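Novice: One predicted model, sequence on top.
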Amino acid sequence: MLMFLNGLKYILQLLKRHRWFLFSLIYAVGFYIYYFLCKFTLLPALFYTTTLFTLNLHTDTINPDKNCVELLYVMGLIAGLYTVLNLISLFAKKYIDKRYTVVMQNDPYVLVCGFGKKASAYIESELKDNNTNIIVIEKNESNPNIEKYRQKGLSVIVGDAKDKRLYSELKLDNIKYIVVFIGSDIDNLEVALSIKEVLLDKQIDIKRLFIHINDRSIDKFYKDGGLLDDSSKLEIKMFSMAKNASKSLFLRYDIDGLDDSYIKSETPFSLVIVGNNLIALEMIGTISQLAHFPFENKVHIYCIDKDIKSLKQKVLYQFPNISNIPNIIIKFCEMDYLDKGFYEDSLWYDNVTNVVLCRDDAQSNLDISAELADRTYLSSIIDGSMKTMIHIATYDNEMVAKQINQNREHFKYFNAFAVLSQTLSKDVIVDETFEQIAKYIHSGYAESYDPYNLYQDDEHINQKWYNEAKLTDRESNLAQAYHIPIKLKTLGLTYQLSKETDRLKILNHNRKLLNQVLEEELKQLGFDEKHLTDLTKKYTNWDIFKKEFTYFPKTFDLLIEKLIRMEKNRWNAYHYLKGWEYTSSHTNKAQKLHRCLIPIEQMHKEDRFTILYDLYSVLYIPNLLASVGYEIVKKGGKK
């Protein structure tokens, strides 16, 4: 049925696209037959040609000796078919579209709410994966994207995504996931709440919902029982182009630069952000969340804008507790990129690892990068000693981005980012790899250590994730997952998608490489695999475990101890950025107060056993990566 409807839709789309051409062609052939072959005069030939489209051939008026009668039957059938298809297109197309939507839901499908530029960028990424089983809800029936994507096999429902009655037409059980970007944050939020209520009413199993939210302040609704409490039927993830651009950038390029000189020393380094917009804010948040290294390097973030007062106000509003992160130092610089002094300032030479040009105007970002190359970094670019990457936000200028990123000979130290088609692609929004890792991280809390555990979506893991993990917990686990590349770099390692299909073999390979680096230190601390496994089996009785687990770092001389402290610093930074504060009394999650939100050296004695979580964040990296099909390799690509 779906194949038939798809074929009929395709024919009608071709007809609509070439309607006048086909009409002219049929009319011209019919006129030729009547006028030249059947020898009618001009006006009768025109009249009879016109009646071809009503299947009235007037063959009784033709001399039977003429050889044009059979041709007229053929042309009459063609003209009649043309007429019928036009009538179907005129009167039955809406029914066909509706029926197509109904039949499409028999298989798992993606539901997209909204059909603007952002939605189109996302849908194009789905189409590249040959997924056309997409249903779009769009309110504006004159939106040109409707017909454009119907021609590509998508189904479009014209209606208001905020209207709960609309979802009664859909088989909600078969939804793979839902992506929402119909307009403003409040509109997107309204859609999310409408869908949530429908799922609750219909008792549908948990669905994943991705909602486009620009305003970071909506984090305030994360509280349990708030607007975005997803403890029931929705696994909610908020995304934005700005957030995705920042996340993607620092997954591809290391915050600490092109080599390992900073990660192996205490040397401070810097990043420069030019701009005063949502991307600039996200960059500050991402850097502050990720930039935690074994030697606790001081990280300077230079924020540059002509209106620095406004930028500073935004930063302090979004991250009121950012000053509590000890190694992050934000420096606000009021500078105009049109001034000569902009390119001669000493900040450009303060061990800058990355420059992020994210002004709203892509042209100015390109201009600044050109001037930096010509005035500031010219000599180091020429002699190849450049240690700074310059990232240029190009937005919807995709051909410019393509030329910059593909021509590495001329643009070795430049990278185009914040490209619409990349930052709003399925891979970035749905992000199943790191989502899965986050789920597995959460499953490991309060569990005994098993160095050869391979995670999979079993009932136990899903129950802990869906029934116990609130949105805040999931975001925290995701933040830990995104820090894995930095921990691996600390160990002289990295990761890549494995060609091996046997995940147990991948795990054995991963664990072997980790043990090559840390095994001796773990034995020195009494944390060899057998001892740690036996010890953590006592998790079933916390009082016994706390007495047994007496280890606590004192000097942080060993690499594993540095990694433990690094993870604790990262955890602290994440919570400070989310507005949490330290309390010397009991932790109160509802009030965002936590007694562990202090440097590891100052932790209360009764809380010190929690460093086991920090240890797990390192020791379980081989398992987490192997479970999603990634293998660990030595930095430089050698296994």
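Specialist: Sure, I can see it.
Novice: Could you report the neighbour count for Tyr253?
Specialist: Neighbour count for Tyr253, taken as other C-beta atoms under 10 Å: 17. Bear in mind the C-beta positions are built from the backbone N, C-alpha and C, glycine included.
Novice: Residues contacting stretch 449-469, please?
Specialist: Where contact means C-beta atoms under 8 Å, 6 or more residues apart in numbering, the residues beyond stretch 449-469 that reach it are 206, 231, 235, 436, 439-440, 442-443, 474, 477, 503-504, 507-508, 511, 529, 532-533, 535-536, 616, 619, 623-624, 626-627.
Novice: repeat for stretch 307-318
Specialist: The set of residues external to stretch 307-318 that reach it, using C-beta under 8 Å, 6+ apart, is 216-217, 276, 280-281, 284-285, 303, 305, 322, 330, 332-334.
Novice: to the chain's geometric centre, what's the distance from that stretch?
Specialist: On the basis of C-alpha atoms, centre = their mean, to the nearest Å, the separation between the geometric centre of stretch 307-318 and that of its chain is 26 Å.
Novice: Below-threshold pLDDT in the stretch 101-250 of the chain: ranges please.
Specialist: Low-confidence segments of the stretch 101-250 of the chain, defined by pLDDT under 70, span residues 101-104, 206, 218-234.
Novice: Which parts of it are strands?
Specialist: Along the stretch 101-250 of the chain, the stretches classed as strands by DSSP state E, counting those that start in this stretch are 109-113, 134-138, 155-158, 175-180, 207-212, 234-239.
Novice: Format those strands as JSON lines; extra columns: distance to Trp465.
Specialist: Putting the strands of the stretch 101-250 of the chain into JSON lines (distance: least, C-beta to C-beta, whole Å) gives the following:
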{"stretch": "strand 109-113", "distance to Trp465": "21"}
{"stretch": "strand 134-138", "distance to Trp465": "26"}
{"stretch": "strand 155-158", "distance to Trp465": "31"}
{"stretch": "strand 175-180", "distance to Trp465": "15"}
{"stretch": "strand 207-212", "distance to Trp465": "11"}
{"stretch": "strand 234-239", "distance to Trp465": "8"}
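Novice: Using PDB, list the CA coordinates for the longest helix along the chain.
Specialist: Determined from DSSP state H, the single longest helix within the chain is helix 503-524. Extracted C-alpha coordinates of helix 503-524, given in PDB (Å, rounded to 0.1, in the frame of the first residue of the first chain):
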ATOM      1  CA  ARG A 503      32.500  -6.200  21.400                       C
ATOM      2  CA  LEU A 504      34.100  -8.500  24.000                       C
ATOM      3  CA  LYS A 505      37.300  -8.500  21.800                       C
ATOM      4  CA  ILE A 506      37.100  -4.700  21.700                       C
ATOM      5  CA  LEU A 507      36.800  -4.600  25.500                       C
ATOM      6  CA  ASN A 508      39.800  -6.900  26.000                       C
ATOM      7  CA  HIS A 509      41.800  -4.700  23.600                       C
ATOM      8  CA  ASN A 510      40.700  -1.500  25.400                       C
ATOM      9  CA  ARG A 511      41.400  -2.800  28.800                       C
ATOM     10  CA  LYS A 512      44.900  -4.000  27.800                       C
ATOM     11  CA  LEU A 513      45.800  -0.500  26.700                       C
ATOM     12  CA  LEU A 514      44.500   1.100  29.800                       C
ATOM     13  CA  ASN A 515      46.300  -1.400  32.000                       C
ATOM     14  CA  GLN A 516      49.600  -0.700  30.200                       C
ATOM     15  CA  VAL A 517      49.400   2.800  31.600                       C
ATOM     16  CA  LEU A 518      47.700   2.400  35.000                       C
ATOM     17  CA  GLU A 519      48.100  -1.200  36.200                       C
ATOM     18  CA  GLU A 520      51.300  -0.700  38.200                       C
ATOM     19  CA  GLU A 521      49.800   2.400  40.000                       C
ATOM     20  CA  LEU A 522      46.600   0.600  40.700                       C
ATOM     21  CA  LYS A 523      48.500  -2.300  42.300                       C
ATOM     22  CA  GLN A 524      50.500   0.200  44.300                       C
END
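Novice: Residues in contact with it: which ones?
Specialist: Applying C-beta under 8 Å, 6+ apart, the set of residues contacting helix 503-524 from outside is 451-452, 454, 491-493, 498, 500, 528, 532, 558-560, 618-619, 621-623, 625-627, 629-634, 639.
Novice: got the buried residues for it?
Specialist: By 16 or more other C-beta atoms under 10 Å, the buried positions in helix 503-524 come out as 503, 506-507, 509-511, 513-514, 517-519, 522.
Novice: now stretch 272-290
Specialist: By neighbour count, and taking 16+ other C-beta under 10 Å as the criterion, the buried residues in stretch 272-290 are 272-290.
Novice: element containing Ala416?
Specialist: With elements taken from DSSP states H and E, the one containing Ala416 is strand 414-417.
Novice: Please give the centre-to-centre distance between that strand and its chain.
Specialist: Here the centre of mass of C-alpha atoms in strand 414-417, compared against the chain's by C-alpha atoms, centre = their mean, lies 18 Å away.
Novice: Any buried residues in it, and which?
Specialist: Neighbour counts using 16+ other C-beta under 10 Å place 414-417 of strand 414-417 among the buried residues.
Novice: which helices and strands does that strand pack with?
Specialist: For strand 414-417, the helices and strands in contact under the criterion 3 or more C-beta pairs under 8 Å, 6 or more residues apart in numbering; DSSP states H and E are helix 241-252, strand 389-393, helix 398-406.
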